[in-house]
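[1] Model the structure of this input:
(one chain, ligands or ions: 2)
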Amino acid sequence: MKLDRVELRRLRMPLVSPFRTSFGIETVRDVLLVHVVTAEAEGWGECVADAAPAYSSEYVDGAVDVLRRFLVPALAEQDHLNATSVAPALARFRGHRMAKAALETAVLDAELRMRGVPLSRELGAVRDRVPCGVSVGIMDSVDELLDAVGRYLDEGYLRIKLKIEPGWDVEPVVAVRKRFGAELPLQVDANAAYTLADASQLAKLDAFDLLLIEQPLAENDVLGHARLAALMRTPICLDESITSARAAADAITLGACRIVNIKPGRVGGYLEARRIHDVCAAHGIPVWCGGMLETGLGRAANLALAALPGFTLPGDTSASDRYYHADITEPFVLHDGHLEVPAGPGIGIEPAQDALDAVTTSSEWCAP
Ligand code: OSB
Ligand code: MG
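    Numbering: from 1, shown residues only. Ligands and ions are numbered 1, 2, ... in the order given. The predicted model follows:
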């Protein structure tokens, strides 16, 4: 394939309710879609960068800039473009994994559509539907949290993840266990809000039989996570720290995590995400698929990944209506706590033109 044109499309997608984490409150997602056009096929990729560099150092305007000025021009030089040639062609540019992931995913989608192969099959999926959990933000009160968790359980979600931060950790966990019982699959996510000095507070969570605690310490504090692991029983799962298969191998070897959250956007794309899956499987480390409040486009691709054999825990791949009143694709609907893995070629789903146009704030074509 050869790139003909690349569209960078920005969307404004209001969330159904504000999503509060230890790093901020999100009410609207500023979505960047990368849309590649080749002579043979078109493809789409969703960039998971937020408007602000708070979850990670990447942010949407930065992603647009690096795509426009460096990444798209570097691919445009390639006469035999395919998904596996994207990362090597972009390797001379440091970092910017979220921007790279969006571009690689769009190329992969186009290539697989051309070949008539679904992403799930290409990646090695072994399931046609995946069990789903839901990530529940920090709330103003415990009562409000219990209402939200109760609604999600009524909808069928199979696992609950509570966002925590200093001052909102043991209390919400106690309340959720008390109301919904000891059997509820429950985990927490701190988004790097603690330090090793908080170890005794975090160890109080050991009494509640959590599946895991996600990213308690800073992104670059892998050694700190290994030390914390020696001070608490609850398994540590890393999210922000796992930026590559090498980072995963290092963290596992150091004893910094017993579980890994894989987010393709955070690690540079689905091909690196699969390598992380493989590294974890080789070490007997369970993985699950995280999310970044994706639209149906990003969700479709995440479901393909979540269908791989090592994904043995429910992911944050929730239904469309957990995020948006109007998604840009056919909505993903929960059935018995599961979402179906798209079966069509590529990511298996396309944006609905009217729905897409209704939320588009800008579109720019980079002609290589
Ligand atoms: O840390 O997993 C996270 C959302 C945005 C940024 C970071 C995270 C999250 C979530 C929600 O927890 C996952 C989702 O439902 O998409
Ligand atoms: Mg997380």
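
[2] Ramachandran coordinates for the most centrally placed residue in the chain?
    Residue closest to the average C-alpha location in the chain (C-alpha atoms, centre = their mean): Gly291, at 2.8 Å. Main-chain dihedrals, Gly291, degrees, to the nearest 10: phi -150, psi 170.

[3] Contacts only, for the nearest residue to it once chain neighbours are set aside.
    Nearest residue to Gly291 in three dimensions, chain neighbours excluded: Asp316, at 3.9 Å (C-beta to C-beta, 6 or more residues apart in numbering). From N, CA and C alone the C-beta is placed, and that goes for glycine too. Going by C-beta atoms under 8 Å, 6 or more residues apart in numbering, Asp316 touches 133-135, 161, 261, 288-291.

[4] Could you do Val6 as well?
    With C-beta under 8 Å, 6+ apart, Val6 has these contacts: 34-37, 67, 72, 103, 106, 365-366, 368.

[5] Show me just the buried residues among these.
    Among the contacts of Val6, those classed as buried by 16 or more other C-beta atoms under 10 Å are 34-37, 67, 72, 103, 106, 366.

[6] Could you tell me which of these belong to helices?
    72, 103, 106 (DSSP state H).

[7] and which of those is nearest Asp321?
    Distance to Asp321, by C-beta to C-beta, is smallest for Ala106 among those, at 25.8 Å.

[8] does the residue lying closest to the closest one once chain neighbours are set aside sit in a helix or strand, and which one?
    Closest residue to Ala106 apart from its sequence neighbours, by C-beta to C-beta, 6+ apart: Gly45 at 3.6 Å. Element membership for Gly45 (DSSP states H and E) is strand 42-47.

[9] Thr361 too?
    Here Thr361 is assigned to strand 360-366, by DSSP H and E.

[10] hang on, isn't Ala125 packed against Glu340?
    No: the pair Ala125 and Glu340 fails to qualify as a contact (C-beta atoms under 8 Å) at a distance of 11.9 Å.

[11] More neighbours: the two, which one.
    Ala125 (20 against 16; other C-beta atoms under 10 Å).

[12] How about that one, nearest residue that isn't a chain neighbour?
    With C-beta to C-beta, 6+ apart, the residue lying closest to Ala125 is Ala307, at 3.5 Å.

[13] quick revisit: farthest-apart pair in the contacts of Asp316, please.
    Val134 and Asn261 (14.3 Å).

[14] about what we covered before: for Pro351, state which of the contacts of Val6 is nearest.
    His35 (8.7 Å).

[15] Now do the longest strand anywhere in the chain, average pLDDT.
    In the chain, taking DSSP state E as the definition, the longest strand is strand 3-21. Strand 3-21 carries an average pLDDT of 97.
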